[in-house]
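>>> test case, fold it:
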Amino acid sequence: MRNFKSSLTAMAVVVALSACSEQKVAETSAAPVPETAGMDSSSTAQFDNVLLQEFTGPYGGVPAFDKMSLEDLKPALEKAMALNLEEIDAIANNDAPPTFDNVIVEMERAGAELGRVFTYYGIWSANKSSPEFREIQAEMSPILSSFFTKITQNEKLFARVKAVYESDELSSLTAEEQRIAWMTYNSFARNGATLDSESKKRYAEINKELATLHTKFSSNVLADEENYVTYITEEQLDGLPASFVKAAKAAASSRGEEGKYAITNSRSSMDPFLTYSTNRKLREQVWRTYYNRGDNADDFDNNKIIKRILTLRDERVELLGYENYAQWRLEDRMAKNPENAMELMMKVWPAAIARVEEEVADMQAVAEAEGADITIKPWDYRFYAEKVRKDKYDLDSNEVKQYLQLDKLREAMFYVAGRLFNFNFTPVEEGKVPVFHEDVKVWEVTDKDSGEHIGLWYLDPFSRKGKRSGAWATTYRSYTTFDGKKTVLSSNNSNFVKGAEGEATLISWDDAETYFHEFGHALHFLSADVKYPSSHSGVRDYTEFQSQLLERWLTTDEVINQFLVHHETGEPIPASLVEKIKKASTFNEGFKTTEYMASAIMDLKYHTTNPEDIDPDAFEREELNKLDMPEEIVMRHRSPHFGHVFSGEGYAAAYYGYMWAEVLTADAAEAFMEAPGGFYDKEVGDRLVKYLFSVRNAMDPAEAYRKFRGRDAQVDALMRDRGFPIPNSNDE
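So this is what the prediction gives:
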């Protein structure tokens with residue numbers, strides 16, 4: 001029942017895939033898709049439905065992605081929920097006195113069939129969606145919500161959980177077991193288990209409606225991403241790099257538009273187009289198409305849905321006695337309350353928008369020097385920022401891109417994993433492990449010294465129709481030992497535009513950082529050394545820390561000198577170009593920080609304001625104006641397509657967590673910079689694996705960080721990292 005305790009709302013299951021998304025910030029919605037949570041059921045062999053069956057084959061069993069059929073999904077969900085409820089009822093109605101073993105452990109063991117079904121569900125949801133799947137998703141979302149409510153409102157079950165949590169036995173348990181007992185009790189208490197019968201009924205109704213709304217919101221965004229493709233002709237290609245042109249031509253061809261070039265409605269396509277296209281009118285068109293997703297006053301408009309979601313969330317937490325949704329959400333996070341989260345934002349925000357003002361002034365000067373009679377607008381920002389980059393640092397992003405080959409960067413990630421985690425990655429022979437698309441490749445992960453099998457790593461790198469935008473990581477099975485050792489099935493997923501046939505796929509520096517970032521999540525999965533499934537449930541303002549930290553190894557000399565080679569000549573990237581990259585490391589930091597923080601701040605404002613006072617179409621604009629939001633920048637994720645917050649609840653009132661994690665990241669990076677061996681220092685690296693990666697959520701994150709660093713993290717490191725003035729206080 002891992003997902004039950006990590007989410008307790010159906011949409012954390014049905015929408016979500018974990019971790020994070022494009023440009024280092026998650027396009028994910030909620031908690032990770034659950035995997036098989038316990039001992040394989042001996043009854044599984046009786047199932048004809050492949051989605052319910054135990055994983056079979058090599059490596060401890062693998063998902064039968066080659067046999068998954070959409071017609072099996074609904075009956076598999078229905079059967080798996082029924083089986084799970086039988087297990088829960090058996091736990092709740094056990095006549096024996098409640099103990100950790102017959103309550104908590106049995107709950108950890110329950111739900112194996114459902115976990116397997118959700119593995120396949122997650123693939124259809126994120127990697128190969130279709131109108132047919134979305135119909136099933138819309139139908140099943142409220143049913144799933146009701147299913148989870150039956151568990152959270154099972155009074156006998158909660159009574160037994162409470163008895164274990166308050167028993168003398170608790171003190172004799174291991175630290176991991178004590179934490180799991182607390183998390184289990186806390187999940188019930190925070191999700192309506194203590195309410196009276198009328199309130200419980202209303203709570204269930206709210207969850208059911210929210211499940212439907214979250215799904216509708218997500219489907220609307222995906223519809224706009226699929227339906228709005230900008231096709232251009234050869235005469236409109238001025239300024240665009242050859243690699244981008246080839247990829248855009250291939251994207252158009254795959255959509256039946258031969259002779260044209262497709263600018264898809266995804267960040268990986270939009271971003272380079274806005275950076276290089278000299279056609280200002282087209283830049284504006286592509287910009288508006290992308291940032292207006294979910295906001296086109298049509299059948300896929302999300303503004304009314306936002307209002308209803310906020311209203312229902314507010315009503316639900318009011319039943320529990322909280323003032324607002326953010327107060328409820330952050331109670332068990334590192335930030336503890338919305339005031340602390342907003343305080344961190346406000347320490348950084350003034351420096352960020354001040355930097356934007358400087359960046360815009362530099363860009364405006366370039367535009368005027370070129371005789372362009374314009375005022376910098378949002379669709380000009382990337383274009384003129386690139387010109388400033390060349391002018392200030394003599395750094396051409398397209399020149400850098402020639403050394404950023406997707407395959408070579410993957411080798412670089414494997415190198416880092418070998419140095420820090422002692423992992424070895426070996427390609428799995430094609431056909432040995434089933435995959436859900438021909439683009440997906442699989443590697444076996446082993447210990448370099450002992451050869452011990454650690455797990456598998458799946459990679460699905462390229463954009464295609466039916467695949468949600470962004471980048472994310474997930475697991476199909478996590479490491480546990482409580483019911484026999486289970487090894488890891490991890491996955492990274494991206495939306496890179498595939499290079500032309502026979503040519504390398506080249507990506508931007510930001511995309512390379514994202515690639516490392518998502519691999520950090522995979523290493524977090526693969527390095528786990530915990531006993532129980534619930535120890536994998538993440539604390540949202542901490543789970544991005546490990547992946548953000550791994551980005552730092554992209555700029556280490558060992559990676560640069562070995563893996564950043566020209567895609568045509570094979571020559572290493574020149575030292576002079578590397579020096580330019582490092583000198584420009586804080587370039588455009590105002591833009592990057594401000595567009596992210598605008599989304600994070602708005603998320604908190606949405607969830608601390610009375611929904612009756614919110615008109616979604618105006619609230620975003622009005623609140624950002626109060627913050628002196630630069631008019632040349634918009635939120636990274638505007639409200640009508642803010643999937644983290646409105647497609648599910650995993651990041652709702654918690655999008656600030658990326659900044660919270662950035663404080664930890666910058667502070668931890670300085671620990672390596674101060675060490676004799678730098679980023680490959682053995683002693684610091686060992687502490688990294690022991691306290692920041694392998695422990696997962698079996699230890700309180702704040703305690704784990706102190707064990708690594710010897711103290712709490714300080715915001716000063718973040719400000720230094722971004723080239724911002726240091727605030728007066730050292731408090732986080």
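>>> which phi and psi does Ala335 have?
With angles defined as degrees, to the nearest 10, Ala335 sits at phi -70, psi -30.
>>> wait, it sits on Ala341?
Yes - between Ala335 and Ala341 there is a contact under CB atoms under 8 Å: 4.3 Å. In short, each C-beta sits where N, CA and C put it, glycine included.
>>> mind listing the shared neighbours of the two?
The contact sets of Ala335 and Ala341 overlap at Asp541, Tyr656, Trp660 (CB atoms under 8 Å, 6 or more residues apart in numbering).
>>> who wins on neighbours among these?
In terms of neighbour count, Tyr656 stands highest of the shared contacts of Ala335 and Ala341 at 28 neighbours, by other CB atoms under 10 Å.
>>> how near is Lys486 to Lys531?
Distance, Lys486 to Lys531, using CB to CB, to the nearest Å: 11 Å.
>>> can I get stretch 402-422 in PDB? Just the C-alpha atoms.
Extracted in PDB, the C-alpha atoms of stretch 402-422 (Å, rounded to 0.1, in the frame of the first residue of the first chain):
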ATOM      1  CA  GLN A 402      27.700  20.800 -31.000                       C
ATOM      2  CA  TYR A 403      29.500  19.200 -28.000                       C
ATOM      3  CA  LEU A 404      26.400  18.000 -26.200                       C
ATOM      4  CA  GLN A 405      25.500  14.700 -27.700                       C
ATOM      5  CA  LEU A 406      22.700  12.800 -26.000                       C
ATOM      6  CA  ASP A 407      24.500   9.500 -26.100                       C
ATOM      7  CA  LYS A 408      27.800  10.900 -24.800                       C
ATOM      8  CA  LEU A 409      26.000  12.700 -22.000                       C
ATOM      9  CA  ARG A 410      24.500   9.400 -21.000                       C
ATOM     10  CA  GLU A 411      28.000   7.900 -20.900                       C
ATOM     11  CA  ALA A 412      29.000  10.800 -18.700                       C
ATOM     12  CA  MET A 413      26.200  10.100 -16.300                       C
ATOM     13  CA  PHE A 414      27.200   6.400 -16.100                       C
ATOM     14  CA  TYR A 415      30.800   7.600 -15.400                       C
ATOM     15  CA  VAL A 416      29.600   9.800 -12.500                       C
ATOM     16  CA  ALA A 417      27.400   6.900 -11.100                       C
ATOM     17  CA  GLY A 418      30.500   4.700 -11.200                       C
ATOM     18  CA  ARG A 419      32.700   7.100  -9.300                       C
ATOM     19  CA  LEU A 420      30.100   8.100  -6.700                       C
ATOM     20  CA  PHE A 421      28.000   5.000  -6.300                       C
ATOM     21  CA  ASN A 422      30.200   2.200  -7.700                       C
END
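>>> buried ones in that stretch?
402-406, 408-410, 412-417, 419-422 (16 or more other CB atoms under 10 Å).
>>> repeat for stretch 170-188
Leu173, Glu176, Glu177, Gln178, Arg179, Ile180, Ala181, Met183, Thr184, Tyr185, Ser187, Phe188.
>>> show me which pair in those is furthest apart.
Glu176 and Phe188 (19.3 Å; CB to CB).
>>> tell me, how many residues neighbour the closest residue to Phe47 other than its chain neighbours?
Using CB to CB, 6 or more residues apart in numbering and skipping the chain neighbours, the partner closest in space to Phe47 is Gln53 (5.3 Å). Using other CB under 10 Å, Gln53 is surrounded by 20 other residues.
>>> centre of the chain to stretch 501-509, how far?
24 Å (CA atoms, centre = their mean, to the nearest Å).
>>> cool, and stretch 434-441?
21 Å.
>>> quick one: end-to-end distance for that stretch.
10 Å (CA to CA, to the nearest Å).
>>> thinking again about what came up before, neighbour count winner among Ala335 and Ala341?
Using other CB under 10 Å, the more surrounded residue of Ala335 and Ala341 is Ala341, with 29 against 26.
>>> tell me which stretches of the stretch 1-150 of the chain form helices.
Secondary structure of the stretch 1-150 of the chain by DSSP state H, counting those that start in this stretch: the helices cover 2-6, 11-14, 73-92, 106-109, 112-126, 131-152.
>>> mind checking how far the residue nearest to Ala96 when sequence neighbours are not counted is from Phe436?
Leaving aside its chain neighbours, Ala96 sits nearest to Asn102 (5.8 Å; criterion: CB to CB, 6+ apart). From Asn102 across to Phe436, the span is 38 Å (CB to CB).
>>> repeat for Glu135
20 Å.
>>> partner strands of the host helix or strand of Val445, parallel or antiparallel?
Taking DSSP states H and E as the criterion, Val445 maps to strand 441-447. Strand 441-447 pairs in its sheet with strand 423-427 (antiparallel), strand 453-462 (antiparallel), by DSSP bridges.
>>> just put those strands in TSV and tack on distance to Asn610, mean neighbour count and mean pLDDT.
Putting the strands paired with strand 441-447 into TSV (distance: least, CB to CB, whole Å; neighbours: other CB atoms under 10 Å; pLDDT from 0 to 100) gives the following:
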stretch	distance to Asn610	mean neighbour count	mean pLDDT
strand 423-427	50	15	98
strand 453-462	42	22	98
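>>> please convert these to a markdown table, extending it with distance to Met107.
Formatted as a markdown table, the strands paired with strand 441-447 follow (distance: least, CB to CB, whole Å):
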| stretch | distance to Met107 |
| --- | --- |
| strand 423-427 | 32 |
| strand 453-462 | 24 |
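>>> can you give me the strands for the chain?
Using DSSP state E, the strands of the chain run over 230-232, 261-263, 423-427, 441-447, 453-462, 472-477, 488-496.
>>> thinking again about what came up before, neighbour count: Glu135 and Phe436, which is higher?
Per other CB under 10 Å, whichever of Glu135 and Phe436 has more neighbours is Phe436, with 17 against 13.
>>> not counting its neighbours along the chain, what's nearest that one?
Phe65 (4.1 Å).
>>> the one you found contacts Tyr458, correct?
No - using CB under 8 Å, Phe65 makes no contact with Tyr458, being 9.2 Å away.
>>> joint contacts of the two?
Val435.
>>> rewinding a little: got a markdown table for the strands of the chain, with distance to Glu108 too?
Output for the strands of the chain, formatted as a markdown table (distance: least, CB to CB, whole Å):
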| stretch | distance to Glu108 |
| --- | --- |
| strand 230-232 | 49 |
| strand 261-263 | 47 |
| strand 423-427 | 27 |
| strand 441-447 | 24 |
| strand 453-462 | 20 |
| strand 472-477 | 14 |
| strand 488-496 | 17 |
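>>> what's the closest of these to Pro725?
Nearest of the strands of the chain (CB to CB): strand 472-477, 34.2 Å.
>>> helices or strands up against the closest one?
helix 112-126, strand 488-496, helix 509-526 (3 or more CB pairs under 8 Å, 6 or more residues apart in numbering; DSSP states H and E).
>>> let's go with 6 Å and repeat that
strand 488-496, helix 509-526 (3 or more CB pairs under 6 Å, 6 or more residues apart in numbering; DSSP states H and E).
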